[in-house]
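1. can you look at this prediction? I've put the sequence above it.
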Amino acid sequence: MLSPRCPQCGQPLPDSSVACTSCGYDGTKAARQRTNRILTLVLLFAMGICLVGACLVFFRGGDTSRRQAIVGDLVFAAGFLIYLITRVVLFIRQRRKR
């Protein structure tokens, strides 16, 4: 069976190590950075949903139906909920890191 290789220098990694013994590359740190990047994108997406919902609610014309107002409220609420969940996940991850 082939041993895993370091993505940075290409040297074989021991089975029990999380960092490369040759160059010091830390695979867990890279995985955390990737996860933080994904969470940041989710955060931006949620803020965009909130903005769309707010625009539907506040910039609707006077002749709109009640259905459009409800859709705007639901879109805003969904975006805000996704935003809150993502912020809680980021907060918990920061607390664990300490």
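-> Ah, there it is. The model shown is predicted, which means the values in this text are computed figures rather than measured ones.

2. now do the strands in the chain.
-> Assigned strands in the chain: none (criterion: DSSP state E).

3. most centrally placed residue in it?
-> The residue lying closest to the centre of the chain (CA atoms, centre = their mean) is Leu39, at 1.1 Å.

4. just confirm that one contacts Ile92, I think it does.
-> No: using CB atoms under 8 Å, Leu39 makes no contact with Ile92, being 10.9 Å away. Where C-beta positions appear, they are placed from N, C-alpha and C, glycine not excepted.

5. how about the contacts made by the nearest residue to Gly27 once chain neighbours are set aside?
-> Of all residues not flanking Gly27 in the chain, Val18 sits nearest, at 5.8 Å (CB to CB, 6 or more residues apart in numbering). Residues near Val18 by CB atoms under 8 Å, 6 or more residues apart in numbering: Asp26, Gly27, Thr28.

6. which among those residues gets closest to Arg67?
-> Nearest to Arg67 among these, counting by CB to CB, is Thr28 at 48.9 Å.

7. quick one: the nearest residue to that closest one once chain neighbours are set aside from Thr35, how far?
-> The shortest distance from Thr28 to any non-neighbouring residue, by CB to CB, 6+ apart, is to Val18 (5.2 Å). Noted for Val18: a distance of 15 Å to Thr35, by CB to CB, to the nearest Å.

8. got a list of contacts for stretch 84-96?
-> Here stretch 84-96 has contacts from Arg32, Thr35, Asn36, Leu39, Val42, Leu43, Ala46, using CB under 8 Å, 6+ apart.

9. go with 7 Å
-> The contact list for stretch 84-96, computed with CB atoms under 7 Å, 6 or more residues apart in numbering, reads Leu39, Val42, Leu43, Ala46.

10. can you select the buried ones from those in ChimeraX?
-> Buried residues within the contacts of stretch 84-96, by 16 or more other CB atoms under 10 Å, are selected in ChimeraX with:
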select :42,43,46
